[in-house]
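# I'll drop the sequence and a predicted model, then ask my questions.
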Amino acid sequence: MKLDIAQLEIKNKHLIQESIELKKQLIFLKIKKKTEQKINIHIIKKTQHKISQILQLHRFNQINNK
């Protein structure tokens with residue numbers, strides 16, 4: 001089932017917003033790590049992976065919208 005352009009644009013906006021929130025979370029996690037507070041490295045790697053996936057989806061959607 002193909003999505004129309006309006007749905008793709010809405011989906012892109014949500015992906016961009018989620019990416020921004022994950023980047024903020026990653027920054028705070030890195031700050032905690034630098035200050036030697038206990039932090040799970042797995043959470044940082046998981047967040048980085050999620051950001052990468054969202055950016056790939058965003059690029060894919062931009063290519064398909066052309």
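All right, it came through fine. Fair warning: this is a prediction, and the values are worked out from it, not measured in the lab.
# can you pull the buried residues of stretch 16-36?
Within stretch 16-36, the residues that count as buried by 16 or more other Cβ atoms under 10 Å are 19, 22, 26, 29. C-beta: built from backbone N, CA, C; applies to glycine.
# Might you list the low-confidence residue ranges for the chain?
Within the chain, the stretches with pLDDT under 70 are 1-3, 35-40, 66.
# Tell me which stretches of it form helices.
5-34, 41-65 (DSSP state H).
# which residue sits closest to residue 44, ignoring its sequence neighbours?
Among residues not flanking residue 44 along the chain, residue 29 sits closest, at 5.1 Å (Cβ to Cβ, 6 or more residues apart in numbering).
# thought that neighbour was touching residue 43?
Yes: using Cβ atoms under 8 Å, residue 29 is in contact with residue 43, at 6.1 Å.
# Out of the buried residues of stretch 16-36, which comes closest to residue 49?
Within these, the smallest distance to residue 49 is 9.9 Å, found for residue 22 (Cβ to Cβ).
# Surely the closest one is in contact with residue 50?
Yes: contact criterion Cβ under 8 Å: residue 22 and residue 50 qualify, at 5.5 Å.
# ok, now which ones touch residue 55?
The contact partners of residue 55, by Cβ atoms under 8 Å, 6 or more residues apart in numbering, come to residue 19.
# please redo it, this time with the cut-off set to 10 Å
Counting by Cβ atoms under 10 Å, 6 or more residues apart in numbering, residue 55 touches 15-16, 19, 22.
# With residue 18 instead?
50-51, 54, 57-58.
# Neighbour-wise, give me the winner out of the residues you listed.
Using other Cβ atoms under 10 Å as the neighbour test, these are led by residue 54, with 20 neighbours.
# related to what we said a few turns ago, specify which member of the buried residues of stretch 16-36 is nearest to residue 9.
Closest approach between those and residue 9, by Cβ to Cβ: residue 19, at 15.5 Å.
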